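Q: Structure here, sequence nowhere to be found:
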């Protein structure tokens, strides 16, 4: 049985049994029976409770087996003490899926984890898909399936629509249901996953990707235990063209601590989640407000803006400036209106701001046609991906309302491919009417700009500076040599993986050093090679800028003397001789294994930027050149690669290729390598490539065997 | 007549004439007459219009003089062609103040500026205070004075309350009035200033500072032309304990361009406004939403939180984590609950998160007393400045509402000094009831956290590392020497102003250089002194780390030779000899004159941080040590001063003193100096002080005479 068809019995059951069904309204076993009946579920409902012959007017069964018919889905609304027996009963009765409200499992500690594992095993053995435990259940909005004990639907139903909502948290789920109703979002499904003994958020995303009524997926995430599954689900959503909006808690130290203290899920490293969402095209919302604003925009605008060019019309120049600020900060462009069109607008309103924002001034309220003229002038050349119109308080005016409505109708009819957002104070009724026409309506102009930015296409990466990496990708799988890895062997391994490294030789005597220097070309550097010495400069183990053979010989002897004095016990593997490379921009490339998401690649510039400014970017391995370019674009110090401070423009293309290759290598070697640190990786002027100058590779068993002292 | 009493005739007139009064409802001359009558203005209303014997049932006068009685305030609702005559009529009739709606002045270009200056002069000569032109007028909410043509009050009145609202923009003003009504903010005054021919935003702030009904001032600013006046007004508001919330448009390049294209006000450098608001304690809101959130919080909470410690109670652990994220990002602290109190909570809810956020779980909905218990446990030791309670969707529950209301009542009664915010979906009626108890109500938890952060006391500055500057401040006014200022004379000037500079000597021969080096101590640096050479290293004009007399002599000769070869025409003022100082953290201190706000002091670390990362902070001169410490705290790279990367902790106290002294010097010398650049200013390890190593001072006439080439 495929995953999707096994989930069909859960999410679209033709019969539902509620174990623990109750007549007492507040009981969690009463709510689903009541909701299913009240809102007209079309399938069979079987209350199960050995202590009642009848529940809410329905015949009640003492057990699932006693129903005597197959049941698609079972809602388990019983205390933990009865849950195991109830699940056994469900298995014996041939149920295909179950929703388990019961709490008292992984969220309570190690004992609970064990209990939960037993439940999950029992379900799996019997082919039962399980949602929960410790969850608020789910709703299938179109089919009126309320497998939940949330009373939220009683305060008013959300309308059916294209948004599939998945929340790990029940409390957040209930809040989100009510928010969706308030904000006019239409839902297809509403699902809470709780402790995720079987089904997790990723499974639910996959279900929604396959569901044809779902066009937008909104996810509230506290943590993830199966990174590959989540990556796969986000990829599938992207491939299906279904945007995923996500709120993930635990961004900061305080938040992560709070999350870890309450949930059984791992909070994980937030930067890794950021990388995941960036890379897999999920739209991360940092606040609940923005979560709903983005979801709302996607819900109304089935077709997103075709580019990041925003046209703004405003009745207030000042608020126009404020929206321009927001647009710039959100990475939207505000190209100016064509000069002829500007003249047209100035003919009608001599003191208008005619560029973009187009400030039609308060005159728009005495001359409502003006809006339509300005909007038509803006949209007819097709340059703007979306149009935002700020009307201040005019949305409250009864006199102007017919004009605004006609304006929206004409614009939607004339320019159906250009999303239109209106920002003013409209009553809920007027708002709904405008939304019905396909317009977004916001009260706050900044929120409008940010939502438009979030759903506009991602910005293109900056032009790669050199040619694309044309060479065939090196075989990323490179056997590691036996024995400890010193910097020389680390560089050789990376070179074999296709990552460019400097030329160097390892020598064991002063004469050999001089000969190596002659063949490599002056000036050179000499560096002691030892697995035992981490900070080579501190023990006099490095000499730079050696200009001739005599200097090399002297330096060799001086280094040996100094190292013997300062690090008497260290194993010495020889001396590294390499050309001194001065005109590059020094970067750091790193790899770390994340317990959930596997190898993560880090990029940053020179030491101070990484350590002091935390100016780094991350990606999940593997990734290609374009993603590498985005990664480079994300660090603030990127201008140093682009020729800032009188430097030549650096070979960013070579850097991107190296990052992409490193990411492939990291995946291929993830069972053997724990971390890689290439520092410095120098990026030469454009056309001259980029080179690893030093590297540390930590094997997985290295770290386990020797502890962090060596790293 | 004092400013305040002259403004009383404007803002609290006992009689109002409306010139251009009309019976046609849409006309701008009809609205004020209609609003004044409809909402019960108690004074006399005189419509003035030569073409009507009667307007809206009132006797209409052909001119102001024909009224035959003194009129306090005149509303000018006439076209620009009639405005001058109307103002002359007002002067002849002895009016004390006027509100001028008329547009067509400074906003239209140079001609309009001239017309506007004429109007302003006419008003001043006749002792008339003028609001506008090109404004939407004002409202005095308590006295029902509607000197506006905004129809906004017709859609519903705002309630009278403690918030004075000032907007340069009329359109924003109208929107803000409606927003205030929607959000339940109570207003004292609502004022739009338009082109500010006479009264500007600062005057209105001063009026509100003096107004006893106003407790909070909300300002929408597009630009400012009189920086001193605005500084004075913000200081006065702070001294009176009246918080000022401000939205200033033009944050980014796009926004500033949009602002400049539409308004007659100068957009100015946004970083300077940021410094101004920081320094004068105004709360800057970056979005309109946050503008109203902060205003709302101040409106409800007459007494702000006593510290930045936030206690959070949540029914959802995940949203608790999200609020913790927001709190950390907003600079609030979340100290954990005491261990005993944690035990108490765990006794009642074994799986609660007992620290902070306190996660009472969904159990709070079945056991509503739990909230009160948790809140009491949190608040009784007095550690938390404010308490935020997240109730998810439970605010919509009819069953829980009585409990929530009782909870709010008990908490307000038991802990009246600790502000309480509730976050849930409440109906407008319930929200109003809770607000009536003095609770803040938000739908969005992030918005709640940010508003609390904004109104909490400013964070304390980091402990000054060395003793406070105990020496008497040097006389900041230091005469500049005649002739061009080279680096040596610049350093001398700064030294006289009390800013520590390195010891140095200027010499004119190799022997003198060696003698100077002997007396200063080795190693030394030699540097050519010339007003004509900006980049001394490029012409071989610098030698570092000279270890003995012979090296100094050689270096002297080598520099002279190199400079003669590479900069043959340059005037040479000698050679600077100074001890080489190596173990400091290099900073940049700068001064620039802003056309509106006078001298601005800049602080940043080393070249890369300033140029590449734009990691700098600004303050308006003058300021004291504490403000200087804040300024240092604001740069991201500050950790380099705090002992990052194995450095010793730097003498931040000495740095702060130097910044404060530089600021006093900048003010004292503002008529003579255009800019100062101290680069590097090196901060030595703690206890050893800080020193200017190089400086450029540009005189005001220097720059005018020689252009930017020299700077």
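A: The structure has been received and is ready for your questions. Since the model is a prediction, treat every value here as computed from it, not as a measurement.
Q: make it CA atoms for all contacts and neighbour counts henceforth
A: Will do.
Q: Help me confirm that residue A:59 comes into contact with residue A:53.
A: Yes. Contact criterion CA atoms under 8 Å: residue A:59 and residue A:53 qualify, at 6.3 Å.
Q: Number of residues surrounding residue A:246?
A: Residue A:246 has 24 neighbours, counted by other CA atoms under 10 Å in any protein chain shown.
Q: pretty sure it contacts residue A:292?
A: No. Contact criterion CA under 8 Å: residue A:246 and residue A:292 do not qualify, at 10.0 Å.
Q: Residue A:230 is in contact with residue A:199, isn't it?
A: No. Between residue A:230 and residue A:199 there is no contact under CA under 8 Å: 11.9 Å.
Q: So for those two, which residue has more residues nearby?
A: Neighbours around residue A:230 and residue A:199, counted as other CA under 10 Å, are more numerous at residue A:230. The numbers are 22 against 17.
Q: That one looks like it's in a strand, true?
A: No. The assignment for residue A:230, made by DSSP: H, G, I helix; E, B strand; the rest coil, is helix rather than a strand.
Q: Contact residues of the stretch 1-150 of chain A facing chain B?
A: Neighbours of chain B within the stretch 1-150 of chain A, by CA under 8 Å from any CA of the partner chain: A:107, A:108.
Q: residue in the stretch 1-150 of chain A nearest to chain B?
A: Closest to chain B within the stretch 1-150 of chain A is residue A:108: 6.1 Å, counting by CA to the nearest CA.
Q: Likewise for the stretch 51-200 of chain A?
A: Chain B sits closest to residue A:175 of the stretch 51-200 of chain A, with a gap of 4.4 Å, by CA to the nearest CA.
Q: and that residue, how many neighbours does it have?
A: Neighbourhood size, residue A:175 [other CA under 10 Å]: 23.
Q: what kind of secondary structure is it in?
A: On the three-state scheme (three-state DSSP), residue A:175 is labelled helix.
Q: Leaving out sequence neighbours, find the closest residue to it.
A: With CA to CA, 6 or more residues apart in numbering or on different chains as the criterion, residue A:175 has its nearest non-adjacent residue at 4.4 Å, and that residue is residue B:393.
Q: how about the nearest residue to residue A:234, chain neighbours excluded?
A: Nearest in space to residue A:234, with sequence neighbours left out and distances taken as CA to CA, 6+ apart, is residue A:280 at 6.0 Å.
Q: Wait, the residue nearest to residue A:175 touches residue B:427, no?
A: No. Applying CA under 8 Å, one finds residue B:393 not in contact with residue B:427, separated by 11.1 Å.
Q: Against chain B, how distant is residue A:217?
A: 19 Å (CA to the nearest CA, to the nearest Å).
Q: follow-up on the earlier one: looking only at neighbour counts, state which of residue B:393 and residue B:427 leads.
A: residue B:393 (24 against 11).
Q: is it fair to say the more buried one lies in a strand?
A: No. Looking at residue B:393 with three-state DSSP, it is helix, so not inside a strand.
Q: ok, now which ones touch it?
A: Residues counted as contacts of residue B:393 (CA atoms under 8 Å, 6 or more residues apart in numbering or on different chains) are A:152, A:171, A:174, A:175, A:176, A:178, B:424, B:425.
Q: just residue A:44 next, same as before
A: Here residue A:44 is in contact with A:14, A:15, A:16 (CA under 8 Å, 6+ apart).
Q: what about residue A:156, neighbour count?
A: The burial count for residue A:156: 13, using other CA under 10 Å.
Q: residues in contact with it?
A: Counting by CA under 8 Å, 6+ apart, residue A:156 has contacts residue A:181.
Q: Same check on residue A:588?
A: Neighbouring residues of residue A:588 by CA under 8 Å, 6+ apart: A:602, A:603, A:604, A:605, A:606, A:607, A:677, A:678, A:679, A:680, A:681.
Q: sec struct for it, please.
A: strand.
Q: partners of it in the sheet?
A: Beta bridges link residue A:588 to residue A:604, judged by DSSP bridges.
Q: Tell me how far the residue of the stretch 351-500 of chain A found nearest chain B lies from residue A:450.
A: Using CA to the nearest CA, residue A:393 is the residue of the stretch 351-500 of chain A that sits closest to chain B, at 4.4 Å. Distance of residue A:393 to residue A:450, given as CA to CA, to the nearest Å: 20 Å.
Q: what do you get for residue A:282?
A: With CA to CA as the criterion, residue A:282 and residue A:450 are 16 Å apart.
Q: can you tell if stretch A:351-364 touches chain B?
A: Yes. Stretch A:351-364 is in contact with chain B by CA under 8 Å from any CA, via A:351, A:352, A:353, A:356, A:357, A:359, A:362.
Q: got the contact list for the second one?
A: In this case it means residue A:352. The neighbours of residue A:352, taking CA under 8 Å, 6+ apart as the test, are A:345, A:346, A:358, A:359, A:360, A:361, B:262.
Q: do that again at 6 Å, thanks
A: Going by CA atoms under 6 Å, 6 or more residues apart in numbering or on different chains, residue A:352 touches A:359, A:360.
Q: how deep is residue A:121 tucked in, by neighbour count?
A: Look at residue A:121: counted by other CA under 10 Å, it has 14 neighbours.
Q: For it, pull up the helix or strand it's in.
A: Element membership for residue A:121 (DSSP states H and E) is helix A:110-125.
Q: returning to that earlier point: nearest to chain B, out of the contacts of residue A:588: which one, please.
A: When the contacts of residue A:588 are compared against chain B (criterion: CA to the nearest CA), the nearest one is residue A:607, at 9.3 Å.
Q: Model confidence score at the closest one, please.
A: Looking at residue A:607, its pLDDT stands at 64.
Q: ok, now the one 5 residues further on?
A: Confidence per residue is given as pLDDT, and for residue A:612 that number is 65.
Q: So which residues of the stretch 201-350 of chain A form helices?
A: Ranges of helices in the stretch 201-350 of chain A, per DSSP state H, counting those that start in this stretch, are A:201-210, A:227-239, A:253-262, A:270-279, A:288-300, A:317-329, A:339-348.
Q: Just want the angle from the first one to helix A:227-239.
A: In this case it means helix A:201-210. Counting by axes from the mean of the first three to the mean of the last three CA atoms, to 10 degrees, helix A:201-210 lies at 20 degrees to helix A:227-239.
Q: Could you count how many residues lie near residue A:574?
A: 17.
Q: again with residue A:557
A: With neighbours defined by other CA under 10 Å, the count for residue A:557 comes to 12.
Q: can you check residue A:437 too?
A: Neighbour tally, residue A:437, other CA under 10 Å: 17.
Q: What's the mean pLDDT across stretch A:632-652?
A: On average, stretch A:632-652 scores 86.
Q: start to end distance for it?
A: End-to-end distance for stretch A:632-652: 8 Å, by CA to CA.
Q: Check stretch A:483-492 too.
A: One end of stretch A:483-492 to the other measures 14 Å (CA to CA).
Q: which residue sits closest to residue A:532, ignoring its sequence neighbours?
A: The nearest residue in space to residue A:532 (CA to CA, 6+ apart) is residue A:570, at 5.5 Å.
Q: Kindly report the same for residue A:562.
A: Closest residue to residue A:562 apart from its sequence neighbours, by CA to CA, 6+ apart: residue A:540 at 5.6 Å.
Q: host element of the residue sitting furthest away from the middle of chain A?
A: Centroid-distance maximum for chain A: residue A:550 at 56.4 Å, with CA atoms, centre = their mean. Taking DSSP H and E as the criterion, residue A:550 maps to helix A:549-566.
Q: Since that was my last question, I'll sign off now.
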